[in-house]
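> Show me the folded form of this:
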Amino acid sequence: MDLENLLEPNNNEALNNNGPADETTGLWVFGYGSLCWQPGFDYQNEMTGYVRGYARKFWQGNTTHRGTEKKPGRVATLVEEPDSIVWGRAYEVKGDAALPYLNTRECRLGGYLTQFATFYPRSSSMKPFPTLLYVATPNNNLWLGDAPLTEIATQISECRGSSGHNVEYLIRLATFMRDTIPEAIDEHLFTLEYLVRARIKEMNLNLDTLMGNLPQRRASQDNNRNNRPDDGAVGGAVAPPQIPPPVDTFQFTAHVPEKQLRCLNM
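Take a look at the predicted model:
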């Protein structure tokens, strides 16, 4: 695969000097956001672990997948923080389609740049090795930066893009960390999750709807609801209008082997 045409020019030296360790046979990509639970590309191997010297922050704006031009969503990026670590999942890339796909998803549409960092596998039997990162910096036009967590939570609660609601992005990431890497400590992520869940409850929104889990009801069930409160109502209150399910977009239709994760939407 022609890496030099896909990576940022200032990162080619890092590729030449930090090739994959002897224990690996190809290029590895580190996911710390939606790549953790929805890679969307073919891969040979995957493993959980962490990178050092960064903190995960919801400081990058998004106007395609989880927001719009008028109401940008917020997604994760890595911010340099010497004493911190960020847990996630690394993938060993397979085939020639993965990097062009990621270049579109992360760089062209997302505003991210490429860097290399050392990945530390969760398994003590594996040695650390270089991995490719997609990192957003304040120099891109989608950058939103720091803000009070209550403001970030409100923004996430109100934004939606072509791949789904911003709430889904946050909660699926937090759920992945809690279920797959329970030892992971991420105060920023889990505090945002708590605040967003509280905001959803305050706004009387349906979490299943925001997560894209829309139940399919039979017509006969709808015809027999005259004497019952609406399915999503609480105490007979009128349920909030349901948001249409996420629209499949071209950048998330890459085939994934049957034994691997399958990408549905970002």
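> Number of residues surrounding the residue nearest to G53 when sequence neighbours are not counted?
Excluding the flanking residues, the one nearest G53 by C-beta to C-beta, 6 or more residues apart in numbering is P82, at 5.7 Å. (Each C-beta comes from the backbone N, C-alpha and C, glycine too.) The local packing of P82 (other C-beta atoms under 10 Å) involves 8 other residues.
> Check which residues of the host helix or strand of P82 are buried.
Per DSSP states H and E, P82 falls inside strand 73-93. In terms of neighbour count (16 or more other C-beta atoms under 10 Å), strand 73-93 has its buried residues at 73-79, 84-93.
> Which secondary structure elements does that strand sit against?
Other elements packing on strand 73-93 under the criterion 3 or more C-beta pairs under 8 Å, 6 or more residues apart in numbering; DSSP states H and E are strand 28-31, strand 43-62, strand 113-121, strand 129-135, helix 149-158, helix 166-180.
> what's the most buried one of those?
Highest mean neighbour count among the helices and strands packed on strand 73-93 (mean count of other C-beta atoms under 10 Å): strand 28-31, with a mean of 24.
> can you list the residues that contact that strand?
Outside of strand 28-31, the residues within contact range by C-beta atoms under 8 Å, 6 or more residues apart in numbering are 20, 35, 39, 51, 88-93, 98, 102, 117, 119, 129-134.
> do that again at 7 Å, thanks
Residues from elsewhere that reach strand 28-31, judged by C-beta atoms under 7 Å, 6 or more residues apart in numbering: 20, 39, 51, 88-93, 102, 119, 129, 131-133.
> Return the closest of these with respect to L113.
L113 lies nearest to L133 out of the contacts of strand 28-31, by C-beta to C-beta, at 8.9 Å.
> correct me, but the closest one touches Q115?
Yes - using C-beta atoms under 7 Å, L133 is in contact with Q115, at 4.7 Å.
> Can you pull the phi/psi pair for the residue nearest in space to the middle of the chain?
Centroid-nearest residue in the chain, with C-alpha atoms, centre = their mean: S34, separated by 1.8 Å. The phi/psi pair for S34 (degrees, to the nearest 10) reads phi -70, psi -20.
> Kindly indicate which of the contacts of strand 28-31 lies nearest S163.
Proximity of the contacts of strand 28-31 to S163 (C-beta to C-beta) peaks at P39, which lies at 14.0 Å.
> Can you give me the pLDDT of the closest one?
Reported pLDDT at P39 in the predicted model: 95.
> can you check T77 too?
At T77, the model reports a pLDDT of 98.
> coming back round to it: in terms of contact, does the residue nearest to the centre of the chain touch Y169 like I think?
Yes - S34 is in contact with Y169 according to C-beta under 7 Å; the separation is 6.1 Å.
> any residues touching stretch 132-143, and which ones?
For stretch 132-143, the external contacting residues (C-beta under 7 Å, 6+ apart) are 27-30, 59-63, 72, 77-78, 106, 111-117, 145.
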